[in-house]
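Asks: would you be able to build a 3D model of this:
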Amino acid sequence: MTSANTTPTVTESAPAVRADIVEAATRVFSEHGYDGASMAQIAAEVGMRKPSLYHHVRKKEDLLFAIHGQLIDELTLETRQAIDAAADPAAQLAASLRVAMTFVSRNRDAVTVFLQENRAVRGERWDEVVGKRDAYERMVQEILSNGAATGAFVNIPPKIASKAILAMANWGYTWFNPDGPMSADEVADIFARIALTGLSKP
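Replies: Below you'll find the predicted structure:
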């Protein structure tokens, strides 16, 4: 918080938020939407009174920012590890899709919030989220560029191709059923086959 005589800075970061509070906010935002959710609902979800919640978080936006940051950081780390362990661009692309699809399956509520409520974070906070998201997409773009450079893939704009490839997994939050007949890895392998068939040179 700032005093009346202090000019707040746009780069002010939100304080660290307890994990159980972030999880509760994720469920509430996913069910009701960010605008429709209230701090009272989040407090009830985590099992505390609303005044007590304000001892842990300043405002609702802090919770949304925490959800976004935590999700993209975890996804980026898992994707980087999978890419580094793969032998060639085709294997790297398949690995990144498996990570994305299993991540969506495991974090359905958080992915719902991330994709549907991303414009609710404004200013420097939104710039930070966009920067992390772009860094994640650049990992996939690099795979496509390297594949084209080695002659394994056709030479098409990697920024456009990466969006198409990632969208196959990202939108799984709207339809994928973890208890359905196919696992997240099986679905991701089908996506990879579609992508690689389209990318591979004759």
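
Asks: low-confidence stretches in the protein?
Replies: Applying pLDDT under 70 to the chain picks out residues 1-15, 201-202.

Asks: let's check: the centremost residue of it is which one?
Replies: Most central in the chain under C-alpha atoms, centre = their mean is residue 72, positioned 4.3 Å from the mean C-alpha point.

Asks: test my guess that that residue contacts residue 136.
Replies: Yes. With contact defined as C-beta atoms under 8 Å, residue 72 counts as touching residue 136 (6.2 Å). Quick note: C-beta positions are derived from backbone N, CA and C, even for glycine.

Asks: on that earlier part again, now for the residue nearest to the centre of the chain: which residues touch it?
Replies: 114, 129, 132, 133, 136 (C-beta atoms under 8 Å, 6 or more residues apart in numbering).

Asks: show the subsequent helix or strand relative to the helix or strand the third one falls within.
Replies: If you go by DSSP states H and E, residue 132 is part of helix 123-149. Going down the chain from helix 123-149, the next helix or strand is helix 158-170, by DSSP H and E.

Asks: which elements pack onto that next one?
Replies: helix 89-106, helix 123-149, helix 184-199 (3 or more C-beta pairs under 8 Å, 6 or more residues apart in numbering; DSSP states H and E).

Asks: what packs against the helix holding residue 132?
Replies: Looks like helix 123-149 contacts helix 60-85, helix 89-106, helix 158-170 (3+ C-beta pairs under 8 Å, 6+ apart).

Asks: ok now the second one, how far from the chain's centre?
Replies: The chain centre lies 13 Å from the centre of helix 89-106; the measure is C-alpha atoms, centre = their mean, to the nearest Å.

Asks: also the longest one?
Replies: Put simply, helix 60-85 sits 6 Å off its chain's centre (C-alpha atoms, centre = their mean).

Asks: any buried residues in that helix, and which?
Replies: Neighbour-count burial for helix 60-85 flags 60, 62-72, 75-76, 78-79, 82-83 (criterion: 16 or more other C-beta atoms under 10 Å).

Asks: and for the shortest one?
Replies: Buried residues in helix 158-170, counting neighbours by 16+ other C-beta under 10 Å, are found at 158, 161, 162, 165, 166, 168, 169, 170.

Asks: again, but for the second one
Replies: Residues of helix 89-106 classed as buried: 89-105 (neighbour count, 16+ other C-beta under 10 Å).
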